[in-house]
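Peer 1: Below is the sequence, then the predicted model.
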Amino acid sequence: MGSVWVESLGRGFEQALDLLAGAVRDCTDELWETAMWRVPAPAADHQFFGPDWNPVAEAAQRSALAQRWVERRATPWGVAWHALEVFDYDLTGEFGPWAPPSPFTGHPHWRDLASLPEAWPRAEMMGYIDYCRERVRNTLADMTDEKAAAPLPPAHRYHGQPHARIITGLLGHTTEHASQIRQFITAAGIAPGA
């Protein structure tokens with residue numbers, strides 16, 4: 001990391017991941033699968049997909065998935081999973097192949113949140129945080145002004161924007177979700193490092 005900006009970004013990422021790791025580590029079993037806020041039901045036209053990537057068409061199955069989506073969307077494990085998957089994916093920026101680490105491989109958050117048989121354990125989330133720390137080191141070690149300015153490819157949801165814009169946005173996104181979990185567990189009487 002030759003640039004003071006890249007070095008500073010690396011430190012910011014470490015702090016954001018430290019906040020998330022602390023919140024995940026301190027969350028109790030009772031709170032891990034408890035909604036942190038009320039989630040409205042998805043719109044009637046919300047499409048759920050099965051593990052075969054085909055839309056779920058059967059009404060009873062769609063209803064069950066919608067209910068589980070509402071129950072899980074705002075849980076600490078669901079929010080942490082979302083934050084880490086976005087973090088990991090946006091570091092790659094669609095400039096190359098991407099897949100999350102095992103056991104998350106093949107289970108995209110947006111598709112499998114409602115259908116996963118059970119919540120990811122905290123230990124798996126902590127492993128994903130460590131994985132993201134390594135991804136930051138590798139991504140920033142090769143970062144140049146040209147790479148930072150490269151427009152995101154058409155396959156990325158923010159296509160056309162400079163990669164640096166989406167990468168720097170990860171600081172706020174990760175910190176926001178870590179803070180939500182921390183606030184929730186603090187309100188339940190759990191002190192940091194307890």
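Peer 2: Thanks, I have it. Residues are numbered from 1 along each chain as shown.
Peer 1: In contact with the residue nearest to the spatial centre of the chain, which residues?
Peer 2: By CA atoms, centre = their mean, the chain has its centre lying nearest to residue 83, at 2.2 Å. The contact partners of residue 83, by CB atoms under 8 Å, 6 or more residues apart in numbering, come to 20, 173-174, 177-178. (Each C-beta comes from the backbone N, C-alpha and C, glycine too.)
Peer 1: Can you pick out the most distant pair from these?
Peer 2: Greatest spatial distance in those: 20 and 173, 10.6 Å, computed using CB to CB.
Peer 1: Am I right that residue 115 is in a helix?
Peer 2: No - the assignment for residue 115, made by DSSP: H, G, I helix; E, B strand; the rest coil, is coil rather than a helix.
Peer 1: Quick one: neighbours of it, just the number.
Peer 2: 18 (other CB atoms under 10 Å).
Peer 1: does the nearest residue to it once chain neighbours are set aside count as helix, strand or coil?
Peer 2: Once flanking residues are discounted, residue 115 sits nearest to residue 65: 6.2 Å by CB to CB, 6 or more residues apart in numbering. The three-state label given to residue 65 by three-state DSSP is helix.
Peer 1: Quick check: the gap between residue 65 and residue 83.
Peer 2: 22 Å (CB to CB, to the nearest Å).
Peer 1: and what of residue 47?
Peer 2: From residue 47 to residue 83 the distance is 23 Å (CB to CB).
Peer 1: what's residue 12 in contact with, if anything?
Peer 2: Neighbours of residue 12 in contact, by CB under 8 Å, 6+ apart: residue 171.
Peer 1: Shouldn't it be within a helix?
Peer 2: Yes - checked against three-state DSSP, residue 12 lies within a helix.
Peer 1: Would you check how far apart it and residue 176 are?
Peer 2: 14 Å.
Peer 1: circling back to that earlier point, quick one: the residue nearest to residue 115 and residue 49 touch, right?
Peer 2: No - using CB atoms under 8 Å, residue 65 is not in contact with residue 49; the gap is 9.5 Å.
Peer 1: Quick one: low-confidence residue ranges for this structure.
Peer 2: 1-2, 194 (pLDDT under 70).
Peer 1: rewinding a little: what sits in contact with each of residue 65 and residue 49?
Peer 2: Common neighbours of residue 65 and residue 49 (CB under 8 Å, 6+ apart) are residue 56.
Peer 1: buried stuff in the longest helix anywhere in the chain?
Peer 2: Ranked by residue count and defined by DSSP state H, the top helix of the chain is helix 163-187. When burial is assessed from 16 or more other CB atoms under 10 Å, helix 163-187 yields the following buried residues: 163-164, 166-167, 170, 173-175, 177-178, 180-182, 184-185.
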